[in-house]
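1. predicted coordinates and the sequence they were generated for:
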2 protein chains.
Amino acid sequence: MGEITERFRNRIIEKRDEYLEVLKEMLSFPSVSATGEGMDEAPERVARALERAGLRVEIFREFNGYPAVWGELREERHGTLLIYNHYDVQPPDPIEKWTSDPFKPSIRDGRIYARGACDNKGNLAARLCAIDLLMDSVGEVPLNIKFLVEGEEEIGSPNLEKFFKNHRDSLSADACLWEMGGSSPEGRPLIYLGAKGILYLEIHATEKRPDLHSSWGAIVRNPALELVHVISTLRNREGLVTVDGFYDDVEKPDSETLALLDELGSAESEIRAVAGEDGLISRKPLKELFTDLTMMPCINVCGLNSGYTGPGSKTVLPNTAYAKIDVRLVPRMRPEKILELIIKHVERVSGGRVSVRPLEKGYPAARTSPSEPFVELVKMTAEAAHGVKPLVYPSSPGSGPMYLVTDFLGTPCVAAGIGDHRSNIHAPDESISLEDYLKGILHIALTIINFVPYLRSGVAPYL
Amino acid sequence: MGEITERFRNRIIEKRDEYLEVLKEMLSFPSVSATGEGMDEAPERVARALERAGLRVEIFREFNGYPAVWGELREERHGTLLIYNHYDVQPPDPIEKWTSDPFKPSIRDGRIYARGACDNKGNLAARLCAIDLLMDSVGEVPLNIKFLVEGEEEIGSPNLEKFFKNHRDSLSADACLWEMGGSSPEGRPLIYLGAKGILYLEIHATEKRPDLHSSWGAIVRNPALELVHVISTLRNREGLVTVDGFYDDVEKPDSETLALLDELGSAESEIRAVAGEDGLISRKPLKELFTDLTMMPCINVCGLNSGYTGPGSKTVLPNTAYAKIDVRLVPRMRPEKILELIIKHVERVSGGRVSVRPLEKGYPAARTSPSEPFVELVKMTAEAAHGVKPLVYPSSPGSGPMYLVTDFLGTPCVAAGIGDHRSNIHAPDESISLEDYLKGILHIALTIINFVPYLRSGVAPYL
């Protein structure tokens, strides 16, 4: 282990309690953008955490949405790192399945449980602690740092494009560190060189009549059946989307990407740990599964609702039914075009009786080339911090509005963070390992201290 | 109008407030057998109402379920009428769609709104008032009367068969008046000569893993999609059930039944009022629709549930999905056989991944011949009470454990009652017309006073 790495690691151990407090404070307030819960107070709480890390902070309330929190350390240095996180979280539902209160962090067996622990308040807390660690250990943060912490990621970042357009100059940077990331079940850090795009919509079947006694079901249309018919035509039994034209813009992976997929294919424990053999749609070879997961678009059902769903038997012919649907996009797929295709498909298979309601306009996918120097730096510092080689995904299976960095700003962007196969993101009992949290602080601190020398000369002297 | 009919009608008008009080009291307490709400107190409230009508009352708590309330007026007369009702009601969900509290009766525009107003506390109240009317107007009830008011009809009457077996002698009667009934949109009273059987079940798709981030949806099985696939194979686009063998035991209507269906075919307003032209599964001729509604079995989806169903966008890959399903049966179909067929179907189309859970063992259908003298009596008294010829359905589209009367006891059984196309049974804002309620009292009183002479000599002297 290099000298700096060891010094930083020891200092992190000394400051462990202080850094856990930063994390706990971040997890102690709700900030649910989908429902609005806690969103009045949350931006101030986040702003104060950034201030405590020594950043100059501004809350941008310029849009009719949840504000973005901006933090800056600008020293006229020859190098700038943009850091993207979000402070909003997914709804805690189904709340009854949580072991402890989702907004009161609870430590059990070396893990901290709370909504947002992994996605992605834990990540934000670690990055703030990395700033503190540098100030504390070397007396300075040797580059310009810009934190953008948005409040609408979990609802599709509807205002982020406007924010990027209004603040293009302020956002300029040499590279960007994105939210997301984690570790494989064997503890190999995961690095993502892209993110999928997303489209979120509801599909509704509704009749003008009220709910009826279910004996009418023999002759009166049932919207639950109309809906089910439509949803069952979205994917075939092999999991392939069967909407006409859905795959038209999907590109084949290039040779660099294929090389990354080759390496992922050997890391089967990630998939087995999450899904189990029996939980996979098909028994393809692992390389193909990783290709589907990272390189292919998908339509997923997030929720279904109709009629009576309580205990016992209620015989009703419901008057409405709906599904909540997300669509994951890969590079070159345009959300507005895909929405059109889905609307046309639903119209056709339902004879116009079932309708599509987009909840967000969505956004496209993003990619950074594996040959970017910043990618190499993040891999090196990850290996130093974790003591094991990282696994590099050409794209996260998940989504984020990373295209604003890669395509709009033209800045390379890499995601690395904290989490594992037990993190239950978007689900009850979300958690991260405390050890991973401390390693995450080290990883970011090493990335920052080596940033300018590595990008200038290809050498990382501080490891 | 006959002398007795007019005398009774005038007396009902004089006692209107008193009879409305009987109704309101019956609608003032919850008695939801599916959830248990109010079921501790409800049997006592019902028993007291029967006592106030002059009946000798007993509450039978012999089964591990909700008790049956029994009321008797036994005078060693040469004629006995059994009356069947139930005091339990459907859950009030979705409760937010009610204009007023479902368990605080509210009168608006000549209708009374409450859960159970139509199905079937209003019917029970009217029958109790008919007893009072006879005592009040002619000083006696000229036959033996037996009221059986059960508390588990809305959950499939799981203990009623045992009750009939244990009390076979006490239940013996010359005829039975069943719950259900109502009036067509033009005010023609509806008489049902049978009821469908029923089977209620849930269909579950479940994965052992927890909920996952929906980005896994590209390769990990989604139980919502597994469920939707199965449900979409239960019926075709014309509404026909596509489970192998489902229709095997269905008989063609006989000539008497066809004659009834001919007359129903002209009463199209009933169907149009409820469903509208656009709400029907197919554009068959009305006679065929009435045949489907009354003579054909059906599978209906009462509810669907999976994943996130709240506001906004939550991207989750759920670990479970279920549908609530009722199956309506016609004569000769055995619930246990149909359950087997459905289990086999679901097993086959899901590859064993989706399971069927019956919530009740169900019961078969029942029919009484159109040529039974009691049928003629109920038609005559209905015409006298309503001033218009009744419409006779060979069977109700709905279900009830009427087979225990027709098949187990061997007693003719007819359903006649209160309700119309605006009654919203099993749905929010359930209601009946107060005028229909008063006519219902008259109908039952005329049926009782003519019962012995008509069944003995084919003459109804008191109209």
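-> Yep, it's here. What you see is a predicted model; the values in this text were computed from it and never measured.

2. how many residues are close by residue A:326?
-> Residue A:326 has 27 neighbours, counted by other Cβ atoms under 10 Å in any protein chain shown. Heads up, the C-betas are built off the backbone N, CA and C, glycines and all.

3. my read is that it contacts residue B:218, right?
-> No. Counting by Cβ atoms under 8 Å, residue A:326 stays clear of residue B:218, with 11.1 Å between them.

4. so what sits against both of those two?
-> residue A:300 (Cβ atoms under 8 Å, 6 or more residues apart in numbering or on different chains).

5. identify the residue spatially nearest to residue A:285, adjacent ones excluded.
-> residue A:265 (7.2 Å; Cβ to Cβ, 6 or more residues apart in numbering or on different chains).

6. ignore what I typed, I meant residue A:86.
-> residue A:153 (3.5 Å).

7. the one you found: neighbour count?
-> Count around residue A:153 with other Cβ under 10 Å applied: 24.

8. and the gap between it and residue A:78?
-> 31 Å (Cβ to Cβ, to the nearest Å).

9. buried residues, the longest helix anywhere in chain A. List them.
-> In chain A, assigned by DSSP state H, the helix with the most residues is helix A:434-457. Neighbour-count burial for helix A:434-457, with 16 or more other Cβ atoms under 10 Å in any protein chain shown as criterion, is recorded at A:434, A:436-455.

10. ok so, going back, name all residues that make contact with the residue nearest to residue A:86.
-> By Cβ under 8 Å, 6+ apart, the neighbours of residue A:153 are A:33, A:86, A:88, A:179, A:400-401.

11. try 7 Å this time
-> Residue A:153 is in contact with A:86, A:88, A:400, counting by Cβ atoms under 7 Å, 6 or more residues apart in numbering or on different chains.

12. what's the distance between the first one and chain B?
-> Meaning residue A:86. 14 Å (Cβ to the nearest Cβ, to the nearest Å).

13. just the second one next, same as before
-> Using Cβ to the nearest Cβ, residue A:88 is found at 11 Å from chain B.

14. surely that residue touches residue A:156?
-> No. If you go by Cβ atoms under 7 Å, residue A:88 and residue A:156 don't touch, sitting 10.9 Å apart.

15. so which residues on the stretch 101-250 of chain A come close to chain B?
-> Applying Cβ under 7 Å from any Cβ of the partner chain, we find that the stretch 101-250 of chain A lies next to chain B at A:155-156, A:196, A:200, A:207-222, A:224-225, A:228-229, A:231-232, A:235.

16. one more time with 6 Å
-> By Cβ under 6 Å from any Cβ of the partner chain, the residues of the stretch 101-250 of chain A that approach chain B are A:155, A:200, A:207, A:209-211, A:213-215, A:217-222, A:224-225, A:228-229, A:231-232.

17. quick check: PyMOL command selecting the buried ones in those residues.
-> In PyMOL, this line selects whichever of these come out buried by 16+ other Cβ under 10 Å:
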select buried, chain A and resi 155+200+207+209+211+213+214+215+217+218+219+220+221+222+224+225+228+229+231+232
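
18. give me the contact list for the helix or strand hosting residue A:341.
-> Per DSSP states H and E, residue A:341 falls inside helix A:335-350. By Cβ atoms under 6 Å, 6 or more residues apart in numbering or on different chains, the list of residues contacting helix A:335-350 from outside reads A:199, A:230, A:233, A:243, A:245, A:354, A:356, A:358, A:362.

19. please state the mean pLDDT value computed over it.
-> Mean pLDDT, computed over helix A:335-350, is 98.

20. what's the following helix or strand after that helix?
-> strand A:354-358.

21. partners of that next one in the sheet?
-> Here strand A:354-358 has these sheet partners by DSSP bridges: strand A:197-206 (antiparallel).

22. hmm, residue A:288 and the residue nearest to residue A:285 touching each other?
-> No. At 8.2 Å, residue A:265 and residue A:288 do not qualify as touching, with contact defined as Cβ atoms under 6 Å.

23. low-confidence stretches in the stretch 1-150 of chain A?
-> A:1 (pLDDT under 70).

24. helices of that one, residue ranges please.
-> A:3-14, A:16-26, A:42-52, A:121-138 (DSSP state H, counting those that start in this stretch).

25. can you list the ones you listed in a markdown table and add mean neighbour count?
-> What follows is those, written out as a markdown table (neighbours: other Cβ atoms under 10 Å in any protein chain shown):
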| stretch | mean neighbour count |
| --- | --- |
| helix A:3-14 | 16 |
| helix A:16-26 | 17 |
| helix A:42-52 | 19 |
| helix A:121-138 | 24 |
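
26. from residue A:426, how far off is residue A:153?
-> 12 Å.

27. next one: residue A:390
-> On the measure of Cβ to Cβ, residue A:390 and residue A:426 end up 24 Å apart.

28. comparing those two, which shows the higher neighbour count?
-> residue A:426 (25 against 22).

29. and residue A:148, what is it in contact with?
-> Residue A:148 neighbours (Cβ under 6 Å, 6+ apart): residue A:84.
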